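In: Sharing a model prediction with you, sequence too.
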Amino acid sequence: MEDFFGKPVVRDLHPAALDSEALFAQCQMTRGKTSGPGGQHRNKVQTQVVLLHSPTGISAQAGERREPEVNKRVALRRLRLELAVRHRVGVPAGDIRSELWRERCRNGKIGCGVRHADFPSILAEALDVTDACAYDIKKAALRLDVSMSQMVKLFAKHPPALAMVNRERESRGLHPMRG
């Protein structure tokens, strides 16, 4: 990416976009017992995993499964989504679309489903740009080279993201979006 003068645009990588190993290295993991249904095994074995992202203080947990490794993967996915919604990274002027964004967006459409591994990264990038545009969806969509309806659909795929954007829009006197 280059700015108007041909200089490279440097953008901090959002923590939701880090590979699993790098993100996990920034976390403190604790394990514990879960409560509720599940029989004796669930009450005796510490299968719940809680991840605390040290730089931001944002955490996520998983304890539905009997295998701690599966719960760790689920907690890491939930942490990525929490980071995408709750943590903002600054956006410089100029064309700031990441390589991932360019790969996932064709002809003004965002091609990334909610279950895809790239979804938290795409969501974080869209939210960072929306924040940089003072929650003006039209401006954010122009900067990301997609349609406004695609931005709204992206946010609506993860209801906490849509709720956060609408809170921010309302605090600025803008109308809420409908998903």
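Out: Now that the structure is in, tell me what you want to look at. Numbers count the residues shown, from 1 in each chain.
In: next structured bit after whichever helix or strand Leu52 is part of?
Out: Following DSSP states H and E, one finds Leu52 within strand 48-53. Sequence-wise, the next helix or strand downstream of strand 48-53 (DSSP H and E) is strand 58-62.
In: Report the distance from that following strand to the chain centre.
Out: Distance of strand 58-62 from the chain centroid (CA atoms, centre = their mean, to the nearest Å) equals 13 Å.
In: avg pLDDT for that strand?
Out: Taken as a whole, strand 58-62 carries a mean pLDDT of 95.
In: Which segments of this structure make up each domain?
Out: The chain is divided into the following domains under automatic domain parsing: 15-86, 99-171.
In: Going along the chain, name the helices of this protein.
Out: In the chain, the segments counted as helices under DSSP state H are 20-25, 39-44, 68-86, 99-104, 119-132, 137-144, 148-156, 159-171.
In: most packed of those?
Out: helix 119-132 (a mean of 24; mean count of other CB atoms under 10 Å). The C-beta positions use only the backbone N, C-alpha and C, and glycine is treated the same way.
In: Not counting its neighbours along the chain, what's nearest Val152?
Out: Met177 (5.2 Å; CB to CB, 6 or more residues apart in numbering).
In: residues in contact with that neighbour?
Out: 137, 152, 155, 162, 165-166, 169 (CB atoms under 8 Å, 6 or more residues apart in numbering).
In: Against Ala16, how distant is it?
Out: Met177 sits 21 Å away from Ala16 when distances are taken as CB to CB, to the nearest Å.
In: now swap in Val50 and tell me
Out: For Val50, the distance to Ala16 equals 18 Å [CB to CB].
In: Which one's more surrounded, the two?
Out: More neighbours surround Ala16 than the other of Val50 and Ala16, with 26 against 18 (other CB atoms under 10 Å).
In: shaky segments in the protein?
Out: Regions of the chain meeting the criterion pLDDT under 70 cover residues 1-11, 34-45.
In: one more time with 50
Out: Scanning the chain for pLDDT under 50 picks out 1-5, 9, 43.
In: so what's the residue nearest to the spatial centre of it closest to, chain neighbours aside?
Out: When CA atoms, centre = their mean is applied to the chain, the residue found nearest the centroid is Ala84 (2.3 Å). Spatial nearest neighbour of Ala84, excluding adjacent residues (CB to CB, 6+ apart): Ala124 at 3.9 Å.
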